[in-house]
Structure formats: structure tokens, C-alpha cells
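**Student:** Below is the structure, and that's it, no one-letter string:
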């Protein structure tokens with residue numbers, strides 16, 4: 001028992017040292033300047049997730065996503081994702097980009113997260129298009145006995161415009177913890193399964209990973225948002241938390257990019273144009289390069 005406890009202590013300390021050397025603690029919106037060189041951690045794999053899809057693939061249900069007047073989210077996200085994969089592998093030396101889908105076929109949320117974790121991704125970027133639901137309004141349709149008669153109708157809401165960045169919501173943190181235990185802590189310990197989730201050491205390591213992944217998710221989302229707004233001049237709704245399955249089931253920094261409102265005519269034209277797609281991809285790649293430079297060369 002003493003040997004087992006000693007091995008566990010040595011293991012926990014070694015993993016914590018790896019954690020501290022691999023990911024810098026960078027507060028939301030703040031870039032640290034007093035830093036030291038980190039010669040260990042390298043970003044090798046980025047998961048590119050094209051949101052939604054077409055035909056179902058064995059799940060019995062799927063989502064086409066949002067639609068505009070002439071295009072659909074599933075097609076726009078795939079086009080952007082394919083361009084992003086090519087740009088990452090061209091502009092980011094030594095980095096592989098793995099797609100969660102490369103055809104119109106839909107992939108379940110569960111499988112998307114599995115692909116990310118199986119490929120040991122260092123970053124997860126999910127590409128989506130935004131949309132607003134129809135509004136319900138009352139309109140007068142006539143009068144009766146000198147009193148107006150109204151009916152309720154739905155009208156399209158095309159007022160949304162610009163980008164939005166999402167990170168996982170804290171209300172799903174337990175799911176994130178289970179994913180980290182299975183895909184990070186077990187791997188670091190050399191155990192395929194069987195770690196006690198209630199063990200204090202497991203809890204400490206899990207919380208450390210969760211904290212760092214969340215900080216880095218916010219940092220990456222901030223960098224992407226800044227490229228969109230400051231370089232491209234696009235309107236933005238900023239960063240938000242949302243309980244999205246793929247974000248809380250990927251054991252890595254994860255960001256969902258709402259690239260624009262597909263039901264807004266101006267945004268839809270931009271999202272479907274070569275220039276618009278290339279600009280979106282270039283902004284994301286610039287942000288990824290900045291992020292990569294920080295986490296590879298800087299540590300606390």
C-alpha cells in the first residue's frame with residue numbers, strides 16, 4: 001500500500017509539472033509579457049468541425065442547421081472547414097488538421113467528440129452559421145363593431161449580423177470532467193481505465209486540466225474575435241457560454257465560431273462568396289498562429 005501511495009504521489013507531481021509547463025495561465029483578454037520559454041509542449045493536431053450535415057449516418061436523426069434564402073448552413077460550414085483544413089496545413093508548419101466530416105453526410109455530436117479525442121487534438125474549432133427565429137407579431141386585419149380585429153403572424157427576423165464566439169457553459173462542467181478523466185488523466189497515468197473519479201489526486205488533476213482548458217478556450221476565442229473585428233471590420237456579439245455537447249465532450253481547448261447570420265441577406269452573400277470564406281479562414285488561421293506562438297513559447 002505504501003508503494004502504491006508513493007507511486008501515485010510521484011505520478012501526480014509529474015503530471016502537474018507537465019501541466020504547468022504546457023499551458024500558460026492567461027487571463028481573459030490579457031496577454032502576459034513577463035514570461036519564460038517553454039520548450040516542451042507543441043500543438044500538433046487541430047480538429048476542424050463543420051457543423052451540421054445532410055444525410056443521417058445511422059443515428060436516425062440529424063440537423064440540417066440554419067438556412068438562408070439560397071443556401072444552407074451544412075454546405076457553408078463544410079466549404080469553410082475544407083478551406084480551413086488546407087490553410088492550417090499550409091501555414092502552420094508541422095500541424096495536422098483533422099476534419100470531423102468531409103462530405104455532406106451528417107455526423108452525430110457524440111462521434112464528432114470521439115474523433116477529436118481519438119486523434120488527440122490540441123485544439124477543437126467548430127464552424128457554424130447563426131440565424132434568428134421568426135418573430136411573432138400582431139397585425140390588424142379588419143374591424144368588427146367599430147373594434148379592430150387582430151391576428152398573430154410570424155415574420156422572418158433578418159436583423160442579426162456578424163460573428164459570435166462560444167465556449168462551453170459551466171452548467172455542463174461535470175460532462176467536461178468525465179471527458180478529461182477518460183481522455184487526459186487516464187492517459188497520463190498510463191491506465192486505460194479504472195481510475196477512481198473520487199480519488200483526491202484524480203480530482204486535483206481533473207480540475208487543473210478543466211481550468212486550463214477553459215482559460216485557453218476563452219483566450220483562443222478572444223484572439224479569433226479580435227481578428228474578425230479589428231482586421232476584417234466585422235460586427236461581433238462577442239464571447240458567450242453555451243451548453244453545446246461537442247464543446248464539453250472534447251478534452252482540449254474548444255471554440256465554436258458562428259461565422260455570420262445566414263438568414264441575413266448581407267451575411268448570407270458574404271458567407272457564400274469565395275472572398276468571404278477566404279477572409280474568415282485567414283482570420284481564424286492568424287488567431288491560431290498567435291495562440292500557438294503563445295502556448296508553445298510561453299509558460300507561467
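**Tutor:** Arrived safely, thanks for sending. Everything numeric here is computed off the predicted structure, so don't read it as measured data.
**Student:** Might one say that residue 221 is in contact with residue 255?
**Tutor:** Yes - using CB atoms under 8 Å, residue 221 makes contact with residue 255 at a distance of 4.6 Å. All C-beta atoms are positioned from the backbone trio N, CA, C, and that covers glycine.
**Student:** Quickly list what's touching both of these two.
**Tutor:** Residues touching both residue 221 and residue 255 by CB atoms under 8 Å, 6 or more residues apart in numbering: 165-167.
**Student:** you'd agree residue 219 is in a strand?
**Tutor:** No - assessed with DSSP: H, G, I helix; E, B strand; the rest coil, residue 219 is helix; it does not lie in a strand.
**Student:** for the spatially most central residue of the chain, what are its contacts?
**Tutor:** Centroid-nearest residue in the chain, with CA atoms, centre = their mean: residue 255, separated by 2.2 Å. Applying CB under 8 Å, 6+ apart to residue 255 gives the contacts 123-126, 165-167, 217, 220-221, 224, 247.
**Student:** Then residue 240?
**Tutor:** Residue 240 neighbours (CB under 8 Å, 6+ apart): 164-167.
**Student:** So which elements touch the helix or strand containing residue 267?
**Tutor:** Following DSSP states H and E, the helix or strand that holds residue 267 is helix 265-272. For helix 265-272, the packing partners by 3 or more CB pairs under 8 Å, 6 or more residues apart in numbering; DSSP states H and E come out as helix 73-91, strand 254-261, helix 274-297.
**Student:** Just give the nearest non-adjacent residue to residue 96, would you?
**Tutor:** Nearest residue to residue 96, sequence neighbours excluded (CB to CB, 6 or more residues apart in numbering): residue 45, at 5.1 Å.
**Student:** Distance of that neighbour relative to residue 85?
**Tutor:** Residue 45 sits 12 Å away from residue 85 when distances are taken as CB to CB, to the nearest Å.
**Student:** Would you mind grabbing the residues shared as contacts by these two?
**Tutor:** With CB under 8 Å, 6+ apart as the test, residue 45 and residue 85 both reach 97-98.
**Student:** counting contacts, what elements does the host helix or strand of residue 214 pack onto?
**Tutor:** According to DSSP H and E, residue 214 maps onto helix 200-226. For helix 200-226, the elements it packs on are helix 2-22, strand 163-168, helix 173-180, strand 236-242, strand 254-261, helix 274-297, judged by 3+ CB pairs under 8 Å, 6+ apart.
**Student:** just to revisit the earlier point, which one of the shared contacts of residue 221 and residue 255 is nearest residue 273?
**Tutor:** residue 165 (21.6 Å; CB to CB).
**Student:** what's across from that closest one in the sheet?
**Tutor:** For residue 165, the beta-bridge partners under DSSP bridges are residue 239, residue 257.
**Student:** Could you report the neighbour count for it?
**Tutor:** Residues near residue 165, counting by other CB atoms under 10 Å, number 22.
**Student:** pLDDT value on it, please?
**Tutor:** Note on residue 165: pLDDT of 98.
**Student:** Repeat that for residue 54.
**Tutor:** Confidence score, pLDDT, at residue 54: 76.
**Student:** Do I have it right that it meets residue 106?
**Tutor:** Yes - between residue 54 and residue 106 there is a contact under CB under 8 Å: 6.1 Å.
**Student:** Looking at the two, which is more packed in?
**Tutor:** residue 106 (23 against 17).
**Student:** ok, back up a step: quick check: of the contacts of residue 240, which has the highest neighbour count?
**Tutor:** With neighbours set by other CB under 10 Å, the maximum within these is found at residue 167, which has 25 neighbours.
**Student:** give me every residue that touches that one.
**Tutor:** Neighbouring residues of residue 167 by CB under 8 Å, 6+ apart: 214, 217-218, 221, 239-242, 247, 254-256.
**Student:** Those residues into JSON lines, with extra columns for distance to residue 69 and pLDDT?
**Tutor:** Shown next, in JSON lines, are these (distance: CB to CB, whole Å; pLDDT from 0 to 100):
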{"residue": "214", "distance to residue 69": "38", "pLDDT": "91"}
{"residue": "217", "distance to residue 69": "33", "pLDDT": "96"}
{"residue": "218", "distance to residue 69": "34", "pLDDT": "96"}
{"residue": "221", "distance to residue 69": "29", "pLDDT": "98"}
{"residue": "239", "distance to residue 69": "29", "pLDDT": "97"}
{"residue": "240", "distance to residue 69": "26", "pLDDT": "96"}
{"residue": "241", "distance to residue 69": "31", "pLDDT": "92"}
{"residue": "242", "distance to residue 69": "26", "pLDDT": "89"}
{"residue": "247", "distance to residue 69": "29", "pLDDT": "92"}
{"residue": "254", "distance to residue 69": "31", "pLDDT": "96"}
{"residue": "255", "distance to residue 69": "28", "pLDDT": "98"}
{"residue": "256", "distance to residue 69": "24", "pLDDT": "98"}
